[in-house]
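# got a predicted model here, sequence first, then my questions.
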Amino acid sequence: MTRVLEFITALIIVAVLAVVVGVLMPSTGHVQRTTMVSKDIRDVYDVFNNFRRFKDYAVLRAYDPSLTYSLEGKAYGPGAAISWTSNVPKVGNGRLEIVSADPGFADVADQGSATIVWKVQNDWPGHNKRFTIDMERAGRGKRLVKVTWSYDVDYGWNLLDRYSNLYIHGTPDSMVQYSLGNVQDMLAGVPNIMYDDLNPKLVDTPEQPVLYVSTEAKRNLTEVDAATATAMTQIQDAMKKLGVKQAGPRIIFTTNYGDQSYKFDVAVPIDTSTLKIDGQDYALTAPVVPTLENPNSASSAPAADASAAMSASAAEPAAAASADKMAKADGKKGKGDKADEDTGPKPGSRDKYGHLIVDKNVRGMLAFGGRALEASWTGNPAGIPPTRLKLEAYAATHGYATDTVMHRFYDKQMVAYESKKPDGSEVLYDEQTFDVFLPVTDAPKETPEQEAGLTDQPQSASSAPADASSAPASASSAAAAASSDAPADAESAN
């Protein structure tokens, strides 16, 4: 009996000590990790003020590759949330929600510091769990951003939760540490350009029939303007032969913006999606992905376009005859050119992307159709490449999915050089207006700027967009306006 009493007494003493120690332990828990990021503060702020990139940097995926995420609430700012489910105990089920972001996105660049708070809901002990991300400019010239990611929790008088504070440097700490490191790596892939002066919007773009010419030029304004003017002349000649009219401003599709050269397509919207070549009707179709089995075939086109492709194949003999007639009518082609035409693509046939071949240089297709991130630029064309980079960086930090191989950047010349202003004067070379587009494959309904009513307003020097007669200017006049050493890339234009 004495031993039983001693055992009970020992248990009571241990319990009392446990209670006393528990009471003396802190009622809150806190861990934090800090890193330096070589990016603009707006880039970092935008990444943490939405959850569309969370799956790309959160360490949870490393613990459970089959983890599933679900975006909830708003797309950006307070109210945005993400939840996850997992069968791995270390990950479990959880939810994060942005509860505050100070200051707003429009003021963070001027203020130079910001704080974003996430509400944490998972099976970690305690209540009022939250992540806090503090950002401030740092380093020489304030070119770096100091990012501090903290985890805080309240335990109250729950003694078991207070004891769990001994393990706060386990899963919570590792999630903060490794995720913060992944954020740094992810931001390294974002174009290094400030976009705080950009007010883009997400728009729906209907399909538009266009004629286009693929071209290439050295990367300076004079060469690009000359190549564009030549392509426009070829398109205008084809439009006259086809009997179609221009139905919108000139468009430039960017294929490859290299270090030394620029490959692009010059396109003109037209008023019909059906072209008549040598008496045969051909329907313009959207681009298709070439198949690996036969990359020169457009057999991967949608079933709806199959009949158009078949009619194109059936009309190839007539198309060949049409090519001969066109060559004779032009009266400008020598024997070498004629031979090239005989062995080259025939009008009425299609290339590997399903584009309709109109003549030696001109192709036709249905462009656009889908969503795009749009921004406006007023000035000479040297400002277009930086605008493209800004859109790319913006899409990356906001988590908008893009594919610039199949869905290329493009810009529309809304106000052309030498077009007329309302007062009758001519638009100067540095007064042109361009709308720049980055197609997106996954994005929310609106950008934060759209929700706040801060998007770029249409800028126009005339009541109508540039037409074939005014866009672009002739190569000679464009060259006179733009010096050959004018900036044409993002680095020199800024």
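Great, that's in hand.
# contacting residues around the most centrally placed residue in the chain?
Centroid-nearest residue in the chain: residue 395, 4.0 Å away (criterion: Cα atoms, centre = their mean). With contacts defined as Cβ atoms under 8 Å, 6 or more residues apart in numbering, residue 395 is in contact with 373, 402, 438, 440, 443. Where C-beta positions appear, they are placed from N, C-alpha and C, glycine not excepted.
# ok, now residue 76?
Shown in contact with residue 76 (Cβ under 8 Å, 6+ apart): 46, 49-50, 398, 444, 447-448, 451.
# would you mind checking those residues for buried ones?
Taking 16 or more other Cβ atoms under 10 Å as the criterion, what is buried in these is 46, 49-50, 398, 444, 447-448.
# which one of those is nearest residue 411?
Closest approach between those and residue 411, by Cβ to Cβ: residue 447, at 18.3 Å.
# was I right to think that closest one contacts residue 195?
No: in this structure, residue 447 is not within contact of residue 195 by Cβ atoms under 8 Å, at 11.5 Å.
# still on that earlier bit, reformat the buried ones among the contacts of residue 76 as CSV; add pLDDT, distance to residue 200 and secondary structure.
Formatted as CSV, the buried ones among the contacts of residue 76 follow (pLDDT from 0 to 100; distance: Cβ to Cβ, whole Å; DSSP: H, G, I helix; E, B strand; the rest coil):
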residue, pLDDT, distance to residue 200, secondary structure
46, 98, 12, helix
49, 98, 16, coil
50, 98, 15, coil
398, 98, 9, helix
444, 97, 13, coil
447, 97, 6, coil
448, 97, 10, helix
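# just name the closest of these to residue 139, please.
Closest approach to residue 139 among the buried ones among the contacts of residue 76 (Cβ to Cβ): residue 46, at 20.0 Å.
# hmm, the closest one is touching residue 399, no?
No: Residue 46 lies out of contact with residue 399 (Cβ under 8 Å); the separation is 9.1 Å.
# what would the contacts of residue 76 look like in TSV with distance to residue 114?
Formatted as TSV, the contacts of residue 76 follow (distance: Cβ to Cβ, whole Å):
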residue	distance to residue 114
46	10
49	9
50	14
398	16
444	21
447	19
448	14
451	18
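# closest to residue 410 among those?
residue 447 (18.6 Å).
# report the separation between that closest one and residue 105.
Note on residue 447: its distance to residue 105, by Cβ to Cβ, to the nearest Å, is 10 Å.
# next one: residue 212
As judged by Cβ to Cβ, residue 212 and residue 105 stand 37 Å apart.
# pick out whichever of the two has more residues nearby.
Higher neighbour count among residue 212 and residue 105: residue 212, with 24 against 19, using other Cβ atoms under 10 Å.
# number of residues surrounding the residue nearest to that one when sequence neighbours are not counted?
Distances taken as Cβ to Cβ, 6 or more residues apart in numbering put residue 267 closest to residue 212, at 3.7 Å, once the chain neighbours are dropped. Look at residue 267: counted by other Cβ under 10 Å, it has 26 neighbours.
# for residue 267, list each beta-bridge partner.
Beta-bridge pairing for residue 267 (DSSP bridges): residue 212, residue 251.
# can you give me the helices for the stretch 201-350 of the chain?
221-242, 306-314, 316-330, 335-343 (DSSP state H, counting those that start in this stretch).
# start and end of stretch 186-198, how far apart?
22 Å (Cα to Cα, to the nearest Å).
# ok now that stretch, how far from the chain's centre?
12 Å (Cα atoms, centre = their mean, to the nearest Å).
# again with stretch 103-114
Relative to the chain's own centre, stretch 103-114 is displaced by 23 Å; criterion: Cα atoms, centre = their mean.
# pLDDT of it, averaged?
Taken as a whole, stretch 103-114 has an average pLDDT of 95.
# give me the residues contacting it.
For stretch 103-114, using Cβ under 8 Å, 6+ apart, the contacting residues are 40-42, 45-46, 49, 77, 101-102, 134-137, 142, 194, 196, 448, 452, 454.
# only alpha carbons, please: show it as CSV.
What follows is stretch 103-114 as a C-alpha-only set of coordinates in CSV (Å, rounded to 0.1, in the frame of the first residue of the first chain):
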residue,chain,number,x,y,z
PRO,A,103,0.4,49.5,-48.5
GLY,A,104,-1.7,48.8,-51.7
PHE,A,105,0.1,47.8,-54.9
ALA,A,106,-0.1,51.3,-56.3
ASP,A,107,1.9,52.7,-53.4
VAL,A,108,4.5,50.0,-52.6
ALA,A,109,7.1,51.3,-55.1
ASP,A,110,7.0,54.8,-53.6
GLN,A,111,6.9,53.7,-50.0
GLY,A,112,9.8,51.1,-50.4
SER,A,113,8.4,48.7,-47.8
ALA,A,114,5.4,46.5,-47.3
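# max pairwise distance over the contacts of residue 395: which two?
438 and 443, at 10.0 Å, using Cβ to Cβ across the contacts of residue 395.
# and those two? Which one has more around it.
A direct count of neighbours by other Cβ under 10 Å for residue 438 and residue 443 places residue 438 higher, at 24 against 21.
# element containing that one?
Assessed by DSSP states H and E, residue 438 sits inside strand 433-440.
# for that strand, packing partners?
Secondary-structure packing of strand 433-440 (3 or more Cβ pairs under 8 Å, 6 or more residues apart in numbering; DSSP states H and E): strand 201-205, strand 370-378, helix 384-398, strand 410-415.
# what residues does the first one touch?
Contact partners of strand 201-205, identified using Cβ under 8 Å, 6+ apart, comprise 368-375, 437, 439-440, 443-447, 449-450, 455-456.
# please pick the buried ones from those residues.
368, 371-375, 437, 439-440, 443-444, 447, 449-450, 455-456.
# does the nearest residue to residue 380 once chain neighbours are set aside count as helix, strand or coil?
Distance criterion Cβ to Cβ, 6+ apart; nearest residue to residue 380, sequence neighbours excluded, is residue 430 at 4.9 Å. Following DSSP: H, G, I helix; E, B strand; the rest coil, residue 430 is assigned to helix.
# quick one: residue 430 and residue 257, what's the gap?
21 Å.
# ok, now residue 217?
11 Å.
# mind picking the two most distant members of the buried ones among the contacts of strand 201-205?
Farthest-apart pair in the buried ones among the contacts of strand 201-205 is 368 and 449; separation 21.8 Å (Cβ to Cβ).
# does residue 132 touch residue 115 like I think?
Yes: at 6.6 Å, residue 132 counts as touching residue 115 under the criterion of Cβ under 8 Å.
# what comes up buried for stretch 217-226?
For stretch 217-226, a neighbour-count test (16+ other Cβ under 10 Å) marks 217, 220-226 as buried.
# ignore the last one, stretch 417-425
By neighbour count on 16+ other Cβ under 10 Å, the buried set for stretch 417-425 is 417-419.
# that stretch: how far from the chain's middle?
The answer for stretch 417-425 is 33 Å, by Cα atoms, centre = their mean.
# can I get that stretch in PDB, CA atoms only?
What follows is stretch 417-425 as a C-alpha-only set of coordinates in PDB (Å, rounded to 0.1, in the frame of the first residue of the first chain):
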ATOM      1  CA  TYR A 417       3.400  58.100 -87.900                       C
ATOM      2  CA  GLU A 418       2.300  60.900 -90.200                       C
ATOM      3  CA  SER A 419      -1.400  60.100 -89.700                       C
ATOM      4  CA  LYS A 420      -3.600  63.100 -89.000                       C
ATOM      5  CA  LYS A 421      -4.500  64.500 -85.600                       C
ATOM      6  CA  PRO A 422      -7.900  66.100 -84.900                       C
ATOM      7  CA  ASP A 423      -6.300  69.500 -85.400                       C
ATOM      8  CA  GLY A 424      -5.000  68.500 -88.900                       C
ATOM      9  CA  SER A 425      -1.400  68.300 -87.900                       C
END
